[in-house]
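Engineer: Need a 3D model of the following:
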Amino acid sequence: MNISIIDEVIEQLRAMPQDLQWQVLEFARILAKSQVRGTPGQELLRFAGSIPPDDLQLMREAIEQDCEQVDINEW
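Structural biologist: You can find the predicted model right below:
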């Protein structure tokens, strides 16, 4: 059975009390107004391989060394 997303949302809405339906409506309105931000991955491919391997190794080691450590004084 291939039910559309819109049909599924409507089905779920029918099962909700009206106050929750209003919340869904408001959320849908907010989503409709939102804009996707950021840079598409395709545009970033030109940077692939631009970090020297030695620097990548240093970064990897720093991440592994500090992994799972919590700095309680960090804000």
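Engineer: Remind me what the longest helix along the chain packs against, helices and strands.
Structural biologist: Criterion DSSP state H: the longest helix present in the chain is helix 18-33. Other elements packing on helix 18-33 under the criterion 3 or more Cβ pairs under 8 Å, 6 or more residues apart in numbering; DSSP states H and E are helix 5-14. Bear in mind the C-beta positions are built from the backbone N, C-alpha and C, glycine included.
Engineer: per-residue pLDDT, Val70?
Structural biologist: Residue-level confidence at Val70 comes out at 69, pLDDT.
Engineer: actually Ile63, not the one I wrote
Structural biologist: Listed pLDDT for Ile63 reads 85.
Engineer: related to what we said a few turns ago, please list the outside residues in contact with the longest helix of the chain.
Structural biologist: Taking Cβ atoms under 8 Å, 6 or more residues apart in numbering as the criterion, the residues outside helix 18-33 that touch it are Val9, Leu13, Met16.
Engineer: Mind listing what's buried along the stretch of helix or strand Glu64 belongs to?
Structural biologist: If you go by DSSP states H and E, Glu64 is part of helix 53-66. Along helix 53-66, no position meets the burial threshold by neighbour count (16 or more other Cβ atoms under 10 Å).
Engineer: Give me the residues contacting it.
Structural biologist: Ile51.
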